[in-house]
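**Student:** Give the three-dimensional model of this entry:
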Amino acid sequence: MEAPDEIRERLKPVLYALKPTGVRTNRSMTDASPTALSPSQLNRQVRGLLESHFDWVWVEGEVSNLARPTSGHWYFSLKDEQAQVRCAMFRNRNQRLRFRPENGDLVRLRARVSLYEGRGEFQLVGEFMEPAGTGALQARFEALRDKLRDEGLFDTERKQALPLRCEHLAVITSPTGAALQDILQVLRRRNPALRVTVLPRSVQGDTAPAGLVDAVIQANRLHEEGRMQFDAIVLARGGGSLEDLWAFNDETLARTIAASALPVIVGVGHEVDFTIADFAADVRAPTPSAAAELLSDDVRERMQRLDHLAAQLQRAVKGRFERDRLILNRLATSLRHPGQRLRERCQTVDRIESELRRAMMTQLQQRRYRLDRQAAALSAASPSHRLEQLRTVIETRQQRLHRAAQLQLDRRRQRLATTTALLDGLNPLAILGRGYAILTDAEGSIIRQTQQAVPGTTVQARLADGSLDLEVKSLAKAN
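**Tutor:** Numbering: from 1, shown residues only. Reported below is the predicted structural model:
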């Protein structure tokens with residue numbers, strides 16, 4: 001497992017290898033200028049060096065800046081407390097995962113070190129991802145490891161050496177797993193005469209630890225009884241997550257391995273995978289294939305031969321590399337795998353899509369803000385407010401006018417009543433109501449004196465409720 005800052009340290013010799021094609025470091029400014037590289041050529045060379053220098057790496061970190069565009073590819077960063085590294089995981093890889101990571105998740109990523117040429121960004125191209133972290137299983141693993149280590153179960157002094165030559169191996173693994181096929185393939189290639197007896201057991205699940213313990217005990221019993229003359233026991237399975245390998249973190253299994261009279265070699269998972277069984281075993285192999293390698297030949301003689309061949313190969317490769325590097329660079333510029341270009345174009349399309357979405361959202365927010373301001377201004381200038389004010393003024397003035405008219409009407413009514421009463425007091429007709437009468441002659445003239453009435457003539461007496469026709473009989477003057 002490599003952290004982002006460790007990868008940066010490993011990049012130093014790779015970047016240093018670029019100097020022969022770039023500007024010389026000890027050259028004066030007055031010398032002729034060297035051939036300049038275009039950014040695309042430089043990025044292509046850096047990418048080639050990165051991908052050729054690194055094998056697959058495992059990186060553990062916290063997921064951040066996770067983006068899932070419509071293309072189905074994933075773009076994110078893995079970070080720790082000191083650094084972060086950009087990562088891409090294309091759709092054909094992330095569709096195989098059994099979980100969907102989220103920002104803040106702690107994950108382990110198996111990736112290829114590369115460079116996104118379009119922007120000159122160092123990145124990891126992911127192939128596989130699994131959850132990581134110090135969860136309950138990890139805590140149980142560490143607690144059991146510390147307990148057994150403190151008891152001395154993992155001490156080097158109690159471990160047995162592997163036999164110099166093996167003729168019969170007991171292999172404990174799943175009969176249908178890839179680990180068994182890897183072991184058999186290695187043995188057929190290296191030592192076809194080596195005899196193998198498979199004790200099939202389940203290597204995953206709740207019942208797996210008990211089955212593995214029984215298989216180790218069975219192999220020792222068969223050897224002690226003389227029915228099988230085993231030289232060593234191989235306990236193996238393929239890679240997987242911490243949960244997948246949990247059967248090999250069983251305390252009983254670890255104690256059974258430590259108590260085995262036969263040497264036990266454990267090859268579980270990949271190089272980065274460690275289990276309690278690995279610590280308890282006499283020898284830990286990084287993979288099932290490596291376990292078969294260790295048991296199928298004289299390890300010391302083979303290692304010496306390999307060291308000698310490796311030195312020769314290193315010298316030959318170094319000399320050939322210097323001669324062929326420029327040729328390879330020229331070929332790399334003219335010949336590129338279409339899949340790489342397609343992935344780069346996909347990244348470019350995803351980046352442009354993200355930028356376009358951000359630009360559209362920014363413009364939409366600006367338009368919405370401008371619309372809100374105009375709506376507020378329009379609302380402030382709307383005639384409805386003025387009409388409401390005028391309506392209020394009109395209603396107030398109508399009320400005031402109504403009160404003033406009512407007051408004026410009351411005053412006029414009072415004056416009319418007063419005038420009417422005064423007129424009634426002056427109206428001669430009003431006197432009639434008190435028993436008086438008005439006399440008029442035939443021409444309608446009012447008779448005010450007795451001499452205006454001639455005896456024998458007819459006069460009219462007007463009363464309050466009508467009139468009377470009277471005949472004058474005689475005249476008499478007042479005393």
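
**Student:** any idea which element Arg145 lies in?
**Tutor:** helix 136-150 (DSSP states H and E).

**Student:** So what's the gap between that helix and the chain middle?
**Tutor:** If you compare the mean C-alpha spot of helix 136-150 with that of the full chain, they lie 34 Å apart, counting by CA atoms, centre = their mean, to the nearest Å.

**Student:** average pLDDT across it?
**Tutor:** On average, the pLDDT along helix 136-150 is 83.

**Student:** Any chance you could list what contacts it?
**Tutor:** Helix 136-150 is contacted from outside by Thr134, Phe154, Leu242, Glu243, Trp246, Asn249, Glu251, Ala254, Arg255, Ile276, Phe279, Ala280, using CB atoms under 8 Å, 6 or more residues apart in numbering. No exception for glycine: its C-beta is placed from N, CA and C like everyone else's.

**Student:** among those, who's most crowded?
**Tutor:** Highest neighbour count within the contacts of helix 136-150, by other CB atoms under 10 Å: Ala280, with 28 neighbours.

**Student:** now that residue, nearest residue through space, not along the chain?
**Tutor:** By the measure of CB to CB, 6 or more residues apart in numbering, the closest residue to Ala280 outside its immediate chain neighbours is Ala254, 4.0 Å from it.

**Student:** The one you found is in contact with Ile276, isn't it?
**Tutor:** Yes: under the criterion of CB atoms under 8 Å, Ala254 is in contact with Ile276, at a separation of 4.8 Å.

**Student:** Next, the angle from the helix or strand harbouring Thr256 to helix 136-150.
**Tutor:** If you go by DSSP H and E, Thr256 is part of helix 251-259. Comparing the axes of helix 251-259 and helix 136-150 via axes from the mean of the first three to the mean of the last three CA atoms, to 10 degrees yields an angle of 30 degrees.

**Student:** and helix 251-259, what other elements does it pack with?
**Tutor:** Of the remaining helices and strands, those touching helix 251-259 by 3 or more CB pairs under 8 Å, 6 or more residues apart in numbering; DSSP states H and E are helix 136-150, helix 208-224, helix 276-280.

**Student:** switch to 10 Å and redo it
**Tutor:** Here helix 251-259 touches helix 136-150, helix 208-224, strand 232-237, strand 264-268, helix 276-280, going by 3 or more CB pairs under 10 Å, 6 or more residues apart in numbering; DSSP states H and E.

**Student:** Those: which one's closest to Gln160?
**Tutor:** strand 264-268 (8.1 Å; CB to CB).

**Student:** what separates the closest one from the chain centre, distance-wise?
**Tutor:** Once both centres are worked out by CA atoms, centre = their mean, strand 264-268 turns out to sit 41 Å from its chain's centre.

**Student:** Just the mean pLDDT for that strand, thanks.
**Tutor:** Strand 264-268 shows an average pLDDT of 94 in the prediction.

**Student:** which residues of the stretch 151-300 of the chain score low on pLDDT?
**Tutor:** Counting by pLDDT under 70, the ranges of the stretch 151-300 of the chain that qualify are 297-300.

**Student:** Repeat the analysis, applying 90 as the threshold.
**Tutor:** Within the stretch 151-300 of the chain, the segments meeting pLDDT under 90 span 162-167, 177-178, 187-194, 204-206, 226, 238-246, 269-274, 293-300.

**Student:** now the stretch 351-479 of the chain
**Tutor:** Low-confidence segments of the stretch 351-479 of the chain, defined by pLDDT under 90, span residues 351, 353-354, 372-393, 415-479.

**Student:** What segments of it are helices?
**Tutor:** With DSSP state H, counting those that start in this stretch applied, the stretch 351-479 of the chain shows helices at 383-426, 428-432, listed in chain order.

**Student:** burial measure for Ala461, as a count.
**Tutor:** A count of nearby residues for Ala461, using other CB under 10 Å, gives 16.

**Student:** Also Ala380?
**Tutor:** Here the number of neighbours of Ala380 (other CB under 10 Å) works out to 8.

**Student:** Skip the chain neighbours and tell me the closest residue to Trp277.
**Tutor:** That one is not Trp; residue 277 is Ala. Closest residue in space to Ala277, ignoring its immediate chain neighbours: Phe248 at 4.1 Å, by CB to CB, 6+ apart.
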